[in-house]
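K.L.:
would you be able to build a 3D model of this:
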Amino acid sequence: MPAAHFAAALAWLGVATAMLPTAATALVRGAVFDPGVLALVHALMLGTMGTAIFGTLLQFVPAGLGVPLRSIRLGYWGFWLQQTGVVLLVIGFWFWRGSLQGLGWVFVFAAVGAHSRNTLRVRRHSVNGRMVGTYITVAHSALGVGMFIAAARIGETLGWWHVDRLLLLAAHALMGVIGFGTLSAIGVGSRMLPTFLAAPGDDRRWLAAHLWTTVIGLTLFTIGAVFTLMGWMRVGAAALLVSGALTTTLLARWFFRRQRPLDAALWHVASASVALALALGMALTLFVSSPLSLQRWAAMLVALLVGWLTTLVVGVTAKILPHVTFVHLAPTRPRLRALGNPTALLHPTLLRGGVTGFTAGWMLMTAGIWTQHATVTSAGAMAWTIGVLCTLANYTRLLLSCLPTPTPAPPASTS
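P.N.:
Next up is the predicted model:
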């Protein structure tokens with residue numbers, strides 16, 4: 001079941017990459033609400049990142065925190081509800097069909113309910129993972145609030161009430177990227193990344209400060225956006241800047257404590273961490289100079305969604321998916337057993353090509369959109385596409401290596 005989630009996340013990465021040229025062109029023009037841009041954002045946010053997060057939780061909660069899932073069947077229900085919802089949402093945004101968007105949100109909401117029921121018991125039942133469980137609970141709550149904000153925006157479009165559309169969309173974006181994405185990444189990553197890096201240490205105070213600073217910032221920013229209270233929004237934004245600084249500090253602590261060299265998969269995580277630090281600097285610039293600049297907001301969100309979260313997901317997938325595949329299939333696949341360990345399932349050259357393409361891609365796209373330079377943005381989109389193609393080729397290679405070896409037919413008897 002986790003492998004199915006990671007496979008779907010990679011498929012959505014391919015879909016988003018196919019949309020990238022159209023969306024990048026619109027962003028350089030400043031058309032941040034172009035249907036292609038919104039379709040791309042939701043393909044990455046809910047398709048790639050959301051599916052990978054839920055797949056990680058379905059693996060990590062029982063294996064890493066010792067809390068069994070309520071139901072395997074419920075996990076599959078959540079998977080198919082989510083994929084159906086994202087398909088409807090992406091098509092609805094691409095062709096600008098409000099009915100498909102609304103129906104897509106209904107399916108996604110049901111999927112989140114199924115996943116929540118399966119995994120959120122960890123906060124109450126895990127002995128050593130309560131902080132992680134609190135992170136996961138708050139992240140799911142942020143996703144729910146983000147979906148309600150989307151519903152409020154749809155109601156405003158239909159004329160049922162009046163709210164400031166730009167402010168609501170800003171709150172919606174931050175609830176997704178920071179509330180759901182970053183809190184999930186740091187909560188689960190606080191156990192996974194130190195393990196991958198061999199970086200033992202006690203981060204509980206840092207994690208508690210980060211969690212509650214983020215909650216306060218998101219709450220104040222969202223209340224300000226809903227009721228058009230600019231002072232509340234600025235205080236919330238200031239708290240989110242502190243939260244971003246704490247996020248980068250936690251990542252730096254894990255990397256500086258590491259006791260093993262970085263492999264190609266963890267270079268993805270390092271690239272994502274640099275993107276987060278850059279996004280923090282961009283957010284500070286917006287806060288002190290031009291908080292209503294849509295162009296710069298778009299560049300910052302590209303750094304967060306494309307550079308930070310998507311690159312991080314790809315790196316973590318490169319650590320988890322080969323392990324899950326090897327553990328479950330090696331006993332019945334002699335060709336896999338002959339490899340000896342899960343890391344041999346992915347080709348190191350393709351991994352290096354992937355992280356190089358991703359890093360050059362998010363850097364150039366962020367710079368190009370920030371400066372409204374079409375050539376730089378197009379070069380970034382091309383580099384990102386090369387990184388995605390290397391990544392998908394690597395997992396296609398993994399899939400082919402997992403196919404059962406045909407049993408040779410017995411020789412025909414002669415008489």
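K.L.:
quick check: the spatially most central residue of the chain vs residue 182, distance?
P.N.:
Compute the mean C-alpha point of the chain, and by Cα atoms, centre = their mean the closest residue is residue 49, 2.8 Å away. Applying Cβ to Cβ, to the nearest Å, the value for residue 49 to residue 182 is 10 Å. The C-beta positions use only the backbone N, C-alpha and C, and glycine is treated the same way.
K.L.:
mutual contacts of the two, please.
P.N.:
Common neighbours of residue 49 and residue 182, using Cβ atoms under 8 Å, 6 or more residues apart in numbering, are residue 309.
K.L.:
which SSE is residue 329 in?
P.N.:
If you go by DSSP states H and E, residue 329 is part of helix 311-329.
K.L.:
check which helices and strands whatever helix or strand comes next after that helix sits against.
P.N.:
Following helix 311-329 in sequence order, the next helix or strand is helix 334-337 (DSSP H and E). Applying 3 or more Cβ pairs under 8 Å, 6 or more residues apart in numbering; DSSP states H and E, one finds that helix 334-337 makes contact with helix 311-329, helix 374-402.
K.L.:
surely residue 304 touches residue 174?
P.N.:
No: under the criterion of Cβ atoms under 8 Å, residue 304 is not in contact with residue 174, lying 9.1 Å apart.
K.L.:
specify the local secondary structure of residue 291.
P.N.:
coil (DSSP: H, G, I helix; E, B strand; the rest coil).
K.L.:
can you count the residues close to it?
P.N.:
16 (other Cβ atoms under 10 Å).
K.L.:
is it true that residue 388 touches residue 15?
P.N.:
No: using Cβ under 8 Å, residue 388 is not in contact with residue 15; the gap is 10.3 Å.
K.L.:
those two - which one has more neighbours?
P.N.:
The residue with more neighbours, out of residue 388 and residue 15, is residue 388; 23 against 17, by other Cβ under 10 Å.
K.L.:
so, low pLDDT: which residues of the stretch 201-350 of the chain?
P.N.:
Within the stretch 201-350 of the chain, no stretch has pLDDT under 70.
K.L.:
ranges for the helices of it?
P.N.:
204-227, 230-256, 264-288, 294-302, 311-329, 334-337, 348-371 (DSSP state H, counting those that start in this stretch).
K.L.:
of all those helices, which one is nearest residue 100?
P.N.:
For residue 100, the closest of the helices of the stretch 201-350 of the chain is helix 294-302, at 23.3 Å, according to Cβ to Cβ.
K.L.:
what angle do that closest one and helix 264-288 make?
P.N.:
150 degrees (axes from the mean of the first three to the mean of the last three Cα atoms, to 10 degrees).
K.L.:
from the contact counts, what lies against helix 294-302?
P.N.:
Counting by 3+ Cβ pairs under 8 Å, 6+ apart, helix 294-302 packs on helix 165-174, helix 264-288, helix 348-371.
K.L.:
please redo it, this time with the cut-off set to 7 Å
P.N.:
helix 264-288, helix 348-371 (3 or more Cβ pairs under 7 Å, 6 or more residues apart in numbering; DSSP states H and E).
K.L.:
who's in contact with that helix?
P.N.:
Here helix 294-302 makes contact (Cβ atoms under 7 Å, 6 or more residues apart in numbering) with 27, 30, 32, 173, 177, 279, 282-283, 286, 290, 365-366, 369-370, 372.
K.L.:
dump that helix to CSV, restricted to CA.
P.N.:
In CSV, the C-alpha atoms belonging to helix 294-302 read as follows (Å, rounded to 0.1, in the frame of the first residue of the first chain):
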residue,chain,number,x,y,z
LEU,A,294,1.9,38.9,-6.6
GLN,A,295,4.9,38.2,-8.8
ARG,A,296,7.2,37.9,-5.8
TRP,A,297,4.6,35.8,-3.9
ALA,A,298,4.6,33.4,-6.9
ALA,A,299,8.4,33.2,-6.9
MET,A,300,8.4,32.5,-3.2
LEU,A,301,5.8,29.7,-3.5
VAL,A,302,7.7,28.2,-6.4
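K.L.:
so it versus helix 348-371, what angle?
P.N.:
Using the same axes, to 10 degrees: helix 294-302 against helix 348-371 is 160 degrees.
K.L.:
now do the buried residues in helix 294-302.
P.N.:
By neighbour count on 16 or more other Cβ atoms under 10 Å, the buried set for helix 294-302 is 294, 295, 296, 297, 298, 299, 300, 301, 302.
K.L.:
the fifth one - nearest residue in space that isn't next to it in sequence?
P.N.:
Leaving aside its chain neighbours, residue 298 sits nearest to residue 32 (4.8 Å; criterion: Cβ to Cβ, 6 or more residues apart in numbering).
K.L.:
any idea which element the one you found lies in?
P.N.:
Residue 32 belongs to no helix or strand when assigned by DSSP H and E.
K.L.:
how many residues are close by it?
P.N.:
19.
K.L.:
which strands or helices does the strand or helix carrying residue 134 pack on?
P.N.:
Using DSSP H and E, residue 134 maps to helix 130-157. If you count contacts as 3+ Cβ pairs under 7 Å, 6+ apart, helix 130-157 packs onto helix 98-119, helix 122-125, helix 165-174, helix 183-197, helix 204-227.
K.L.:
the closest residue to residue 360 other than its chain neighbours: what's it in contact with?
P.N.:
Nearest residue to residue 360 in three dimensions, chain neighbours excluded: residue 383, at 3.9 Å (Cβ to Cβ, 6+ apart). By Cβ under 7 Å, 6+ apart, residue 383 lies in contact with 357, 360, 361, 364.
K.L.:
doesn't residue 309 make contact with residue 276?
P.N.:
No: the pair residue 276 / residue 309 is not scored as a contact, 8.8 Å apart, by Cβ atoms under 7 Å.
K.L.:
these two: which is more packed in?
P.N.:
The residue with more neighbours, out of residue 276 and residue 309, is residue 309; 27 against 22, by other Cβ under 10 Å.
K.L.:
that one and residue 190: what is the separation?
P.N.:
To residue 190, residue 309 is 16 Å away according to Cβ to Cβ.
K.L.:
can you give me the buried ones in the helix holding residue 329?
P.N.:
Across helix 311-329, burial judged by 16+ other Cβ under 10 Å covers 311-322, 324-326, 329.
K.L.:
now swap in stretch 69-84 and tell me
P.N.:
Buried residues in stretch 69-84 (16+ other Cβ under 10 Å): 69, 74, 75, 77, 78, 79, 81, 82, 83, 84.
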